[in-house]
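>>> Below is the sequence, then the predicted model.
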Amino acid sequence: MKRIVATSAVLALFAGAAFAAGPQTNERPGAPPTAVVSEHKVQVKAGDLYFNKERVRMGLEAGDLVDVTHFPETGLVDPPSREG
């Protein structure tokens, strides 16, 4: 009888410790924020940037200049997430 009580007390202590440790998730923590700074703005013809349908919706002609923010490239290419 004492052995059963002692065993159940030990199991209760282990269960309490596991509960206090918090839920275990397999999710990765969020990535730290990275600061992206625009290099400079460039003017591009709307015809080079948008399809005709998009230009009509925005009220632009093909020759109108549009400001576009240019971000510097690192030159690194992300590897594919899946193989073929």
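In hand now; what should we look at?
>>> Which strands or helices does the helix or strand of the chain with the lowest mean pLDDT pack on?
The helix or strand of the chain with the poorest confidence is helix 2-20; it has a mean of 74 (mean pLDDT, DSSP states H and E). Other helices and strands packing on helix 2-20, by 3 or more CB pairs under 8 Å, 6 or more residues apart in numbering; DSSP states H and E, are absent; none qualifies. All C-beta spots, glycine's among them, are computed from the backbone N, C-alpha and C.
>>> same question for the following helix or strand past that helix, mean pLDDT?
Moving toward the C-terminus from helix 2-20, the next helix or strand (DSSP states H and E) is strand 40-45. Per-residue pLDDT over strand 40-45 has a mean of 86.
>>> Equivalent analysis for stretch 61-78, please.
Stretch 61-78 comes out at a mean pLDDT of 77.
>>> List the buried residues in stretch 46-57.
Of the residues in stretch 46-57, 46, 50, 55 count as buried by neighbour count, 16 or more other CB atoms under 10 Å.
>>> Now the second one: phi and psi?
Right, residue 50. phi -120, psi 150 (degrees, to the nearest 10).
>>> Tell me which residues touch it, please.
Shown in contact with residue 50 (CB atoms under 8 Å, 6 or more residues apart in numbering): 58, 60, 66.
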